[in-house]
Structures are given as C-alpha cells and as structure tokens.
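Asks: Provided below for reference: sequence and predicted model.
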Amino acid sequence: MSSKISGRGRPSVDSERIDTRFARSLLIGIDAWIAKQPDQPSRPEAVRRLVEKGLAAPPGPEQIGADAATAAAAQKGISPDKLNAENDG
C-alpha cells in the first residue's frame, strides 16, 4: 500500500508567479477592501480577486491606454498607424 504525502500551500494550478510592488496608497486600498470581505482573504488572494473583477468589468469612460487612444484618434479622423506625440491631444 502506498500513500502519497500531500504538500503544503496552494494546490498546483496552471499559473505563473508574479512578484510586484505596490504603492503604500494601493496597499491601504487593498487592505480596506479585504476588511469588507466576509472571509478576510490574504493580500495575494485579494489581488487575484480584484484583478478578476477588473478584467470582467465592462470598459468605462475612465478607460485609458492604447484602446482609448485609438478610439480618440478615430474620432479625430487619425489612422492608428499615424498616432504620434504631435497628435495625441
């Protein structure tokens, strides 16, 4: 009879470790969010949940980045391949 010894920690999943730093103001916000959760998740679990929520949320008017810049350029009649510092206003 063979018995498998279970390991410690999180179960093995298809994932990749990401080490990152957060500004103190973000940590305060994360900790405040944790305090409102009934199960009081750890910071890493809270970050996972918040990222999942953010990715599942529909884009809002505050969206920034390449998609927003491309949309703004299209409204001005500028082709995305012509975007540059002179016309990003």
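Replies: Received it, and whenever you're ready, just let me know what you need.
Asks: show me where pLDDT drops low in the chain?
Replies: Flagging of the chain using pLDDT under 70 yields the residue ranges 1-7, 10, 61-89.
Asks: now do the helices in it.
Replies: 24-36, 43-56, 66-76 (DSSP state H).
Asks: run a quick neighbour tally on R24.
Replies: When neighbours are counted by other C-beta atoms under 10 Å, R24 registers 7. C-beta coordinates here come from the backbone N, C-alpha and C atoms, glycine included.
Asks: so it versus S12, what's the distance?
Replies: For R24, the distance to S12 (C-beta to C-beta, to the nearest Å) stands at 33 Å.
Asks: is it possible to get JSON lines of the helices of the chain that adds distance to R8?
Replies: What follows is the helices of the chain, written out as JSON lines (distance: least, C-beta to C-beta, whole Å):
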{"stretch": "helix 24-36", "distance to R8": "23"}
{"stretch": "helix 43-56", "distance to R8": "15"}
{"stretch": "helix 66-76", "distance to R8": "41"}
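Asks: closest one to R17 among these?
Replies: Closest to R17 of the helices of the chain is helix 43-56 (C-beta to C-beta; 10.2 Å).
Asks: packing partners for that closest one?
Replies: With contacts defined as 3 or more C-beta pairs under 8 Å, 6 or more residues apart in numbering; DSSP states H and E, the packing partners of helix 43-56 are helix 24-36.
Asks: next, the buried residues of the helix it packs on.
Replies: Within helix 24-36, the residues that count as buried by 16 or more other C-beta atoms under 10 Å are I30, I34.
Asks: quick one: the nearest residue to A46 once chain neighbours are set aside from E52, how far?
Replies: Spatial nearest neighbour of A46, excluding adjacent residues (C-beta to C-beta, 6 or more residues apart in numbering): I34 at 4.9 Å. Taking C-beta to C-beta as the measure, I34 and E52 are separated by 15 Å.
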